[in-house]
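# using only what follows, build the 3D model:
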Amino acid sequence: MKITKFLISSFVLLGLFGLSSSFGQEIGFSYSSGDHSGKGCIVSVDIVMDAQGKQVSTTDIVMESSMTYVDFVPNKSLFPYYFPPVVRSNGLIHIVGFTALPEQVIIGSGTIGTLYFKASDTDPDASIRLYFLGSGNTTDTNLSFGGVDQLQKVNQAYFVMDQSPCTHEAAVISG
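So this is what the prediction gives:
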């Protein structure tokens, strides 16, 4: 009987810990992953976050893309301040958004900003991917509070443009 109670208690605790970790903070793109037409187009991509009710004061967005980075338009109603985006020599794009003071927090969800890329006419694999190594790693995409990485997962974090030619001046990918 004691073994049965122990096993039941263990499964209940495992279930509770499993559920709590599945509701972690996340960052992703605002559309479904997959193929999208628009070879040669300017493509806009929204970056969205969900703090899942936890406190956030800073975000680091790190991406890699075979497309040419054009611009980033931040949503300053979510994070009011941003450092200018940096395109590193290894091709990674790094964007940092933050609140004015560490005690100012964000606990909701919303659009961090919109990225613009130019898809090459000749690139057979025009793609973009959020760079995420795992929770607690501070060299990748993250949401943080007090300098501690809070991000648990990225969602809808990759897409590849298909080979269709651009049929209009701007192809907007939305979810």
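# grab the nearest non-local neighbour of residue 88.
Using Cβ to Cβ, 6 or more residues apart in numbering and skipping the chain neighbours, the partner closest in space to residue 88 is residue 94 (6.5 Å). Every residue, glycine included, has its C-beta placed from N, CA and C.
# around that neighbour, how many other residues sit close by?
Other residues near residue 94 come to 15 when the count uses other Cβ atoms under 10 Å.
# wait, a strand at it?
Yes: looking at residue 94 with DSSP: H, G, I helix; E, B strand; the rest coil, it is inside a strand.
# against residue 58, how distant is the closest residue to residue 128 other than its chain neighbours?
Sequence neighbours aside, residue 65 is the residue nearest to residue 128 in space, at 4.1 Å (criterion: Cβ to Cβ, 6+ apart). Computed as Cβ to Cβ, to the nearest Å, the residue 65 to residue 58 distance reads 23 Å.
# got it, and residue 152?
If you measure residue 152 against residue 58 using Cβ to Cβ, the figure is 16 Å.
# got it, and residue 106?
Distance from residue 106 to residue 58, by Cβ to Cβ: 10 Å.
# mutual contacts of these two, please.
Common neighbours of residue 106 and residue 58 (criterion: Cβ atoms under 8 Å, 6 or more residues apart in numbering): 79, 99.
# circling back: and the residue nearest to residue 128, how many neighbours?
A count of nearby residues for residue 65, using other Cβ under 10 Å, gives 19.
# which strands or helices does the host helix or strand of residue 26 pack on?
Residue 26 belongs to strand 25-29 when assigned by DSSP states H and E. In terms of contact count using 3 or more Cβ pairs under 8 Å, 6 or more residues apart in numbering; DSSP states H and E, strand 25-29 is assigned the packing partners strand 42-50, strand 127-130, strand 151-155.
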